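Colleague: dropping the sequence and predicted coords here.
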Amino acid sequence: IVGDNVEDRFGRLGYLLLYLAAGSAAALAYGSLSVAKGPNPEMIERIGMPYPPAIGASGAIYGVLGMYIVLFPWARIRTIVLFQLIRMPALLCLGLMIAGDVFLTITSKGPASGGVATAAHAGGGLFGIVAALVLKGSIGGGGEGTAWEVQTGFAKSLRSGESAAVAESEPGEAAVPAEE
């Protein structure tokens, strides 16, 4: 739902590089906050280590979620709220997820809350938002189509000198350019 759409916008290599960069940003956020906050005596008592381990790719996934917010803010996402399935814009649904992890990171005693590396989630999500904002202008948008297609970059772009009739033809179908 999220990753394939972001990959469509950035291409396979661009997506891979951004995914890895988001994971690195998440690890950097988690690691630097661990050092800044100092050893957590509660963690030493519970697990015998000063910091909870950061395992997995959730920070990189949050980076992809952040990119999706910027690229597809009004795309509807089905989610469960108070035992009811509802559809809400990505900006609200995913934005609340990232904001929640930012809040938990700020208010907790360290980079994790309840065994979840909230600092990694926050770092990855914020990286994804910033990266997409910076790169959005270079990946397209505009052209002809519905408002959604134009905003998200899936609109048909006209090459210089190409008429709308040629752009609307299906692949393999001969289009007769409109006379001017």
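Modeller: Noted; the coordinates are in hand.
Colleague: pull out the buried positions in the helix or strand hosting residue 27.
Modeller: Using DSSP states H and E, residue 27 falls within helix 3-37. Going by neighbour count (16 or more other CB atoms under 10 Å), the buried part of helix 3-37 is 5-7, 9-10, 15, 18-19, 21-31, 33-34. For the C-beta atoms, the positions are set from N, CA and C on the backbone; glycine is no exception.
Colleague: pull out the buried positions in stretch 85-97.
Modeller: Buried-residue list, stretch 85-97, by 16+ other CB under 10 Å: 90-91, 93-95, 97.
Colleague: ok, stretch 33-51 next?
Modeller: Buried residues in stretch 33-51 (16+ other CB under 10 Å): 33-34, 40, 43, 51.
Colleague: now these as a markdown table including distance to residue 129 and pLDDT?
Modeller: Formatted as a markdown table, the buried residues of stretch 33-51 follow (distance: CB to CB, whole Å; pLDDT from 0 to 100):
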| residue | distance to residue 129 | pLDDT |
| --- | --- | --- |
| 33 | 18 | 89 |
| 34 | 23 | 85 |
| 40 | 28 | 72 |
| 43 | 29 | 71 |
| 51 | 26 | 72 |
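Colleague: redo these as TSV? Include distance to residue 102.
Modeller: Shown next, in TSV, are the buried residues of stretch 33-51 (distance: CB to CB, whole Å):
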residue	distance to residue 102
33	12
34	16
40	19
43	21
51	19
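Colleague: among these, which pair sits farthest apart?
Modeller: 33 and 43 (13.4 Å; CB to CB).
Colleague: name the residues contacting each of those two.
Modeller: Common contacts of residue 33 and residue 43 (CB atoms under 8 Å, 6 or more residues apart in numbering): residue 110.
Colleague: and the helices in the chain?
Modeller: 3-37, 41-47, 58-71, 90-107, 118-135, 147-152, 164-168 (DSSP state H).
Colleague: state the mean pLDDT of the fifth one.
Modeller: The predicted model gives helix 118-135 an average pLDDT of 95.
Colleague: for it, packing partners?
Modeller: Secondary-structure packing of helix 118-135 (3 or more CB pairs under 8 Å, 6 or more residues apart in numbering; DSSP states H and E): helix 3-37, helix 58-71, helix 90-107.
Colleague: out of those helices, which comes closest to residue 82?
Modeller: Using CB to CB, the helices and strands packed on helix 118-135 put helix 90-107 closest to residue 82, at 13.9 Å.
Colleague: quick check: mean pLDDT of that closest one?
Modeller: Rounded mean pLDDT across helix 90-107 is 92.
Colleague: and for that helix, what's in contact with it?
Modeller: With contact meaning CB under 8 Å, 6+ apart, helix 90-107 is reached by 2, 33, 62, 65-66, 68-69, 72-77, 79, 111, 113, 116, 118-119, 121-122, 125-126, 129.
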